[in-house]
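>>> kindly return the folded structure for what I paste below:
(chains A and B)
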Amino acid sequence: MNSDEIIRGTNHETKNSNDYSEYKQMKLGKVKNGTVIDHIPPELCFRLIKILNLEGYGHVLSSATNLISAKLGKKGMIKISGKFLTEEEVNKVAVVAPNVTMCTVTDYNVSNKIKLSLPREIKKIVNCNNPNCITNVEEVSTHFYVVQESPLNIKCHYCERTIDKEEITLI
Amino acid sequence: MIFTGVVKVDFKNKDIISINDLNKEEIRYILEVVSRVENSDCSQLCKGMILGTLFFEPSTRTRLSFESAMKRLGGSVIGFSGEGSTSRKKGESLYDTIKTVEGYCDVIAMRHPVEGSARLAANSIKIPIINGGDGSNQHPTQTLLDLHTIRKSHGKIEGLTIAMVGDLKYGRTVHSLATAMGLFNATLYFVAPQQLQMPKDILDVLDKKGIKYFLAENITEVIDKVDVLYMTRIQKERFPDPIEYESVKNAYVLKKEMLKNAKQGLKVMHPLPRVNEICEDVDCAEHAHYFQQAHYGIPTRMAVIALLLGVLK
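Next up is the predicted model:
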């Protein structure tokens, strides 16, 4: 995939947004060096921007949601110029949206493309929702094991409490 | 009484934090060593070694039985009970306390009100840690002594039917025991008011393992079916409405007359302390086994200490 990919998006002038015959092509800006996150479930697009602390990002950031996807029906996409995600950030994305595709772009070309998968262990990303867990009482980094991927269920290394996806809060 | 085909496991320098860390073979091996301890002279095994008992909250049976176990192994004991007399009161972190005490003893038995504290302690130091209870989470030596009690009284654990009665929602003892009995193909009855029934995550684990269990609301429904009746206390404070508590409390109090339909070999167990959930007239029934159960804490903890210190293999 070239970062200058043309994507089909909804035409804002279309009266009936469900009329898919009215699509026009929409372009997201080129990324010279940075990261592209694709195949994001539309409802998670803004959440990913938030958890990656991109709301006040000082470089070019483009995002689109409710794009047409042959695979997902609708999808979101985020392009971040001048930023390569750390392992911790990639794991954060994997916890929230484990099936996205992540590309590293170098000099306008995709230098690395990975389909995310959940790590077996999740460290320093998720809060334990047991108020009497040692991670909420002392200065201890959280550590979870993935018990089940779908629907997501994780277990605290310390207090052994299990947490379902909808109960997860990120640090 | 010997398990067939017990596989030897090296526990030297390991920790005992959660019953969930132990597989069936490891549990069988520990129980085998408990039997060995009961039938041999172990009085010099831990000579010159020190057990640190770090009890950040009060305990009677657990702390005293750990201390007694170490002394019966020929070792000595240092420690405290309650935070009041420690630097914790001055704001010292658990990590700092445990790192300091590591240099004073060879093995630590710890009880702490916060869940996960024992795991943190074990991750922080090199000497073995035995979890003597971390909040409402785990108390693995209680489960081991429960299993030893059942094995002693019935000659086996495999395939027995056990009813757990009382507060099954918050009781760490019954959570661990249910999981452990599941490893031994037990049939389980959970007898509790609906709001204090066994939590879904424990039931999910049993479902995944194909363990047979039944939910019940009354002791009399199950009394003629079970080999072990494991009583726990229902705490009034768990009920938001006191009237609701009054309406259910008697269904979970065991009286001697309720045992008339029990199997001959039925044993009544309880992790103690009891308040009023077992009437005193049950104490003289042949089924009463809870004080014996508490006494089995000694050989069980002797075996665990000796295994972790590597003096028994």
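>>> quick one: name the residues of the stretch 201-313 of chain B near chain A.
Within reach of chain A by Cβ under 8 Å from any Cβ of the partner chain, the stretch 201-313 of chain B has these residues: B:Asp201. From N, CA and C alone the C-beta is placed, and that goes for glycine too.
>>> residue in the stretch 201-313 of chain B nearest to chain A?
Of all residues in the stretch 201-313 of chain B, the one sitting closest to chain A is B:Asp201 (5.0 Å; Cβ to the nearest Cβ).
>>> so what pLDDT did that residue get?
According to the prediction, B:Asp201 has pLDDT 84.
>>> secondary structure element for it?
Counting by DSSP states H and E, the element that carries B:Asp201 is helix B:200-209.
>>> surely B:Thr179 is within a helix?
Yes - B:Thr179: assigned to a helix according to DSSP: H, G, I helix; E, B strand; the rest coil.
>>> neighbours of it, just the number please.
Counted with other Cβ atoms under 10 Å in any protein chain shown, residues neighbouring B:Thr179 total 19.
>>> is the nearest residue to A:Thr142 once chain neighbours are set aside in a helix, a strand, or coil?
Of all residues not flanking A:Thr142 in the chain, A:Thr135 sits nearest, at 4.7 Å (Cβ to Cβ, 6 or more residues apart in numbering or on different chains). Three-state call for A:Thr135 (three-state DSSP): helix.
>>> not counting the helix holding B:Asp201 itself, show me its contacts.
A:Thr162, B:His175, B:Ala178, B:Thr179, B:Gly182, B:Leu188, B:Tyr213 (Cβ atoms under 8 Å, 6 or more residues apart in numbering or on different chains).
>>> say whether chain B is contacted by stretch A:106-125.
No - Stretch A:106-125 does not reach chain B (Cβ under 8 Å from any Cβ); its nearest approach is 12.5 Å.
>>> ok, back up a step: in this structure the residue nearest to A:Thr142 contacts A:Ile171, no?
No - A:Thr135 lies out of contact with A:Ile171 (Cβ atoms under 8 Å); the separation is 10.0 Å.
>>> shared neighbours of the two, anything?
Shared contacts of A:Thr135 and A:Ile171, counting by Cβ under 8 Å, 6+ apart, come down to A:Asn127, A:Thr142.
>>> looking at these two, which is more packed in?
A:Thr135 (25 against 12).
>>> quick one, phi/psi of the spatially closest residue to A:Asn127 that is not a sequence neighbour?
Excluding its sequence neighbours, the residue lying closest to A:Asn127 (Cβ to Cβ, 6+ apart) is A:Thr169, at 4.8 Å. Dihedral pair for A:Thr169: phi -120, psi 130, per degrees, to the nearest 10.
>>> strands of chain A, start to end?
Along chain A, counting by DSSP state E, strands occupy A:6-9, A:24-27, A:34-40, A:61-69, A:73-81, A:101-106, A:109-115, A:121-123, A:143-148, A:153-156, A:162-164.
>>> mean neighbour count, distance to B:Arg301 and mean pLDDT added to these, as a markdown table?
Formatted as a markdown table, the strands of chain A follow (neighbours: other Cβ atoms under 10 Å in any protein chain shown; distance: least, Cβ to Cβ, whole Å; pLDDT from 0 to 100):
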| stretch | mean neighbour count | distance to B:Arg301 | mean pLDDT |
| --- | --- | --- | --- |
| strand A:6-9 | 14 | 65 | 44 |
| strand A:24-27 | 12 | 69 | 60 |
| strand A:34-40 | 23 | 53 | 94 |
| strand A:61-69 | 17 | 59 | 88 |
| strand A:73-81 | 20 | 56 | 92 |
| strand A:101-106 | 19 | 51 | 94 |
| strand A:109-115 | 12 | 50 | 90 |
| strand A:121-123 | 15 | 32 | 93 |
| strand A:143-148 | 18 | 29 | 94 |
| strand A:153-156 | 22 | 27 | 95 |
| strand A:162-164 | 18 | 29 | 92 |
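>>> still on that earlier bit, can you report how many residues lie near the residue of the stretch 201-313 of chain B closest to chain A?
For B:Asp201, using other Cβ under 10 Å, the count is 16.
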